[in-house]
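Student: Here's my sequence, what's the structure:
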Amino acid sequence: MAIRRSLLAVLVVAAILVVGGFLLATRPDLRTAVGLTRSTTYDNPVLDRDFPDPAVLAEPVDGWWYAYATQSLTADGRDIDLQAARSRDLVSWEHLGDVLPTKPGWAASTQDFWAPHVVARDGRYVMYYSAAPDDGDGLCLAIATAVTPSGPFVDVGAPLECGRTFTDIDPMAFEDPADGRWWLFWGSGFEPIQARELAPGGLAFAPGSTPSVVLEPDPYLPYENLIEGAWVVAREGSYYLFYSGDSCCENPRYAVLVARSRALLGPYEKLVAPSESDSAAILEQDGPWQAPGHNSVVTDAAGQDWLLYHAIDRAERFGPNDSLVRKMLLDRVTWVDGWPAVERGVASDGSRAGPIVQ
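Tutor: The predicted structure follows:
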């Protein structure tokens with residue numbers, strides 16, 4: 001009798017292990033388990049105010065996504081030097097106002113503060129941006145830091161680099177997953193998009209480093225007489241360089257384009273050849289939205305990539321002081337034959353299924 005009871009116990013334990021193993025093997029991914037994530041819907045624009053050159057922090061912080069943008073104006077015409085917004089779902093955004101409330105000493109009188117990009121490094125937040133210096137022409141690459149993603153950001157005291165033209169614009173910091181080194185991409189002002197290695201901590205260029213030409217403008221290709229707004233994505237062994245051209249504002253004619261390389265610094269193949277089209281554009285103007293561009297790319301909780309970018313609402317082109325209004329839009333990125341694509345190649349119109357968020 002005791003032997004039968006022992007045998008029965010062994011069989012019961014074995015059954016529990018088999019069933020338990022099956023349940024563990026077939027449980028859903030924690031990111032997409034019911035109750036841990038939720039779906040969204042959206043209509044463009046996702047931020048219905050002037051928010052040019054939007055750059056989104058790569059990962060949410062305490063459940064919040066943060067986006068940063070070029071200078072703007074308040075409703076009553078006051079300056080906002082560098083602005084930010086936050087969202088829990090990439091769809092509904094709360095505007096946070098000016099996150100660089102004190103101008104740096106070297107740019108105390110300018111109103112030109114452009115295209116900030118923020119990364120989390122070493123327990124703080126580092127902002128790369130461009131501003132016009134008080135004692136010269138052109139623009140400078142600059143750096144500010146903060147202890148929280150909502151700021152306030154404080155300039156480090158001196159610009160990183162200055163030029164006499166509009167070459168030093170649109171910085172984007174990127175950590176190479178291949179070796180952990182950080183690089184700064186920027187440009188162009190009719191010059192190439194460039195990249196240069198950053199020093200540890202990200203507050204200076206690496207000693208002995210020099211700029212590398214990453215992508216050249218091409219006056220014979222649509223939108224590429226002037227290229228700018230670099231955003232780099234690493235995916236499946238390749239690097240994808242999203243960029244925009246060639247007129248964001250005056251006589252707006254702007255689009256999002258893409259090139260691909262097996263090496264971070266290139267050479268990059270533009271989408272023109274593989275797509276058998278006359279341009280490398282994946283997003284162009286159509287219908288109510290003019291001059292879409294200067295994008296960032298983020299990934300939701302389900303692994304889906306999304307493009308956030310600005311565009312001009314044809315029905316509301318100008319704001320305070322007759323300034324051009326560029327609102328923030330959102331659209332899904334799909335990958336086809338190793339290249340990114342946006343549905344129909346234009347801004348979405350009407351309600352769409354949005355990001356999956358935690």
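Student: what about the nearest residue to G151 once chain neighbours are set aside, distance to D79?
Tutor: Spatially, and ignoring its direct neighbours in sequence, G151 is nearest to V99 (3.5 Å; C-beta to C-beta, 6 or more residues apart in numbering). The C-beta positions use only the backbone N, C-alpha and C, and glycine is treated the same way. With the distance defined as C-beta to C-beta, to the nearest Å, V99 ends up 13 Å from D79.
Student: I figured the residue nearest to G151 hits L82, correct?
Tutor: Yes. Counting by C-beta atoms under 8 Å, V99 touches L82, with 5.7 Å between them.
Student: can you pull the contacts of the residue positioned nearest the centre of the chain?
Tutor: Geometric centre of the chain, nearest residue: S296, 2.3 Å, by C-alpha atoms, centre = their mean. For S296, the contacting residues are P54, A55, V56, A67, W231, L307, L308, Y309, by C-beta atoms under 8 Å, 6 or more residues apart in numbering.
Student: was I right about the last one contacting L257?
Tutor: No. Checked against C-beta under 8 Å, the pair Y309 and L257 is beyond contact range at 11.9 Å.
Student: Leaving out the residues flanking it, which one is nearest to F166?
Tutor: The spatially closest residue to F166, leaving aside those adjacent along the chain, is G189, at 3.4 Å (C-beta to C-beta, 6+ apart).
Student: do D286 as well
Tutor: Sequence neighbours aside, V346 is the residue nearest to D286 in space, at 3.7 Å (criterion: C-beta to C-beta, 6+ apart).
Student: Same check on E284?
Tutor: In space, not counting the residues next to it along the chain, E284 is nearest to A255; the distance is 4.6 Å by C-beta to C-beta, 6+ apart.
Student: And for F174?
Tutor: V232 (4.6 Å).
Student: Can you verify that neighbour is assigned to a strand?
Tutor: Yes. Per DSSP: H, G, I helix; E, B strand; the rest coil, V232 lies within a strand segment.
Student: what sits opposite it in the beta ladder?
Tutor: Partner residues in beta bridges with V232: L241, with DSSP bridges as the criterion.
Student: and it, how many neighbours does it have?
Tutor: The burial count assigned to V232 is 21, neighbours taken as other C-beta atoms under 10 Å.
Student: next one: G303
Tutor: The local packing of G303 (other C-beta under 10 Å) involves 10 other residues.
Student: And the one 4 residues further on, by the same measure?
Tutor: Around L307 there are 22 other residues, counting by other C-beta under 10 Å.
Student: Is it in contact with H294, as I believe?
Tutor: No. Counting by C-beta under 8 Å, L307 does not reach H294; the two are 10.8 Å apart.
Student: Quickly list what's touching both of V99 and L82.
Tutor: Listed contacts common to V99 and L82 are Y68, M127, F153; contacts here mean C-beta under 8 Å, 6+ apart.
Student: quick check: domain ranges of the protein?
Tutor: The record, using automatic domain parsing to delimit domains, assigns the chain the ranges 1-36, 47-284.
Student: Please tell me how far Q290 sits from N251.
Tutor: For Q290, the distance to N251 - C-beta to C-beta - is 11 Å.
Student: what about the two, which has more around it?
Tutor: Set Q290 next to N251 and count neighbours by other C-beta under 10 Å: Q290 wins out with 18 against 6.
Student: quick one: contacts for that one?
Tutor: So Q290 contacts P252, A311, I312, D313, R314 (C-beta under 8 Å, 6+ apart).
Student: Looking at these, which are in strands?
Tutor: A311, I312, D313 (DSSP state E).
Student: Next up, the contacts around the first one.
Tutor: By that I understand A311. Applying C-beta under 8 Å, 6+ apart, one finds that A311 lies in contact with P45, Q285, W289, Q290, A291, P292, G293, R326, K327, L329, A347.
Student: Apply 7 Å and report the result again.
Tutor: W289, Q290, A291, P292, R326, K327, L329, A347 (C-beta atoms under 7 Å, 6 or more residues apart in numbering).
Student: got a winner among these for most neighbours?
Tutor: For these, neighbours were counted by other C-beta under 10 Å; the highest total belongs to R326, with 32 neighbours.
Student: Might one say that it is in contact with R49?
Tutor: No. Counting by C-beta atoms under 7 Å, no contact exists between R326 and R49, whose distance comes to 9.6 Å.
Student: Distance-wise, check the closest residue to D305 other than its chain neighbours relative to S87.
Tutor: Distances taken as C-beta to C-beta, 6+ apart put V333 closest to D305, at 4.0 Å, once the chain neighbours are dropped. Distance of V333 to S87, given as C-beta to C-beta: 18 Å.
Student: again with R196
Tutor: Here the distance between R196 and S87 works out to 32 Å (C-beta to C-beta).
Student: which of these two has more neighbours?
Tutor: Using other C-beta under 10 Å as the criterion, R196 and S87 rank with S87 on top: 22 against 18.
Student: Which strand residues bridge that one?
Tutor: Beta-bridge pairing for S87 (DSSP bridges): W65, W93.
Student: can I assume it is in contact with G63?
Tutor: No. Between S87 and G63 no contact is recorded; they are 9.9 Å apart, counting by C-beta under 7 Å.
Student: Return the per-residue confidence for the residue nearest to D286.
Tutor: The pLDDT attached to V346 in the predicted structure is 96.
Student: list the contacts for it?
Tutor: The neighbours of V346, taking C-beta under 7 Å, 6+ apart as the test, are L283, E284, D286, G287.
Student: from those, which single one is nearest P171?
Tutor: Within the contacts of V346, proximity to P171 (C-beta to C-beta) peaks at L283, which comes in at 21.7 Å.
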